[in-house]
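Colleague: 3D, please:
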Amino acid sequence: MKIAVIIPAYNEEKSIGKVIEDIPRDLVNEVIVVNNNSTDNTVEAARKAGATVLTETFQGYGASCLTGIEYCKNKYFDIIVFMDGDYSDYPEETRLLVDPIIKENYDFVLGSRVTGKREKGALPFQSRIGSIIAGLLIRLFWGVKYTDLGPFRAIKFNKLLELDMQDKWYGWTVEMQIKAARKNYKIKEIPVSYRKRIGKSKVTGTFKGTVMASIIILKTIFTYALKRKTDSVKP
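Modeller: As a prediction, this is how the structure comes out:
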């Protein structure tokens, strides 16, 4: 199968090269870094490490992912892997995510930092609590159990396109998980390793980022929950 990795990146010059170098290139056909208004040398570092570099000027995690998806539409990929550019994920574990798709025909595989081995202090308290709350709500509304909203994930490309992803901000990950549940995709969650990121988090590293992410994630969940209720009463 033809596999692409999409990495949204904002000011990750110190880490992006390490991320790209650790991706198993005997497995992955193309690494795509989407530069999201970086003011450092992220672009140069990514290109030097061998990645395709795209540009997205709208400031947002989801917007960067959407740009990567648009690029992949004419490349005939079978599987898309998403990961962060801060070196908190273990890129060498990419095979753990894609194997269930290749060998067991899963549609969507999510890497769980909560159930995996993680460095002390790598996953902030607010992230763990957020994942628990979001997971409980998704299970309540759609009957699918998730333990995490982690960025490290793999999905069949045709299934990803069916989801018609829209969110341009922090609701990207939970939107994908909700829509996959709504469509009854064959979903698997596996433990992945996690370590302290290089540099400061743009989300959980600030009070403002944490609050904004929490609001957007909850808004996304309840928006789709309301759609579910509305759909159920249609004649």
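
Colleague: The closest residue in space to Arg139 that isn't next to it in sequence: what secondary structure?
Modeller: Sequence neighbours aside, Lys145 is the residue nearest to Arg139 in space, at 5.3 Å (criterion: C-beta to C-beta, 6 or more residues apart in numbering). Heads up, the C-betas are built off the backbone N, CA and C, glycines and all. With DSSP: H, G, I helix; E, B strand; the rest coil as the basis, Lys145 sits in coil.

Colleague: What residues does Lys145 make contact with?
Modeller: Applying C-beta atoms under 8 Å, 6 or more residues apart in numbering to Lys145 gives the contacts Gly135, Arg139, Glu189.

Colleague: cool, and Asn36?
Modeller: Residues near Asn36 by C-beta under 8 Å, 6+ apart: Pro8, Ala9, Tyr10, Glu56, Thr57, Gln59, Gly60, Tyr61, Ala63, Ser64.

Colleague: helix or strand for the residue nearest the centre of the chain, which one?
Modeller: The geometric centre of the chain, computed from its C-alpha atoms, lies nearest to Pro151 (C-alpha atoms, centre = their mean), at 3.0 Å. For Pro151, there is no helix or strand it lies in under DSSP states H and E.

Colleague: Now stretch 145-152: average pLDDT?
Modeller: In this model, stretch 145-152 carries a mean pLDDT of 95.

Colleague: what about it, start to end distance?
Modeller: 17 Å (C-alpha to C-alpha, to the nearest Å).

Colleague: my guess is the residue nearest to the centre of the chain meets Met176, correct?
Modeller: No - the pair Pro151 and Met176 does not pass the contact test of C-beta atoms under 8 Å, sitting 10.3 Å apart.

Colleague: how much space is there between the residue nearest to Arg139 and Gly111?
Modeller: Distance from Lys145 to Gly111, counting by C-beta to C-beta, to the nearest Å: 15 Å.

Colleague: Next: Asn37.
Modeller: The gap separating Asn37 from Gly111 is 26 Å, by C-beta to C-beta.

Colleague: quick one, which of the two is more surrounded?
Modeller: Gly111 (27 against 15; other C-beta atoms under 10 Å).
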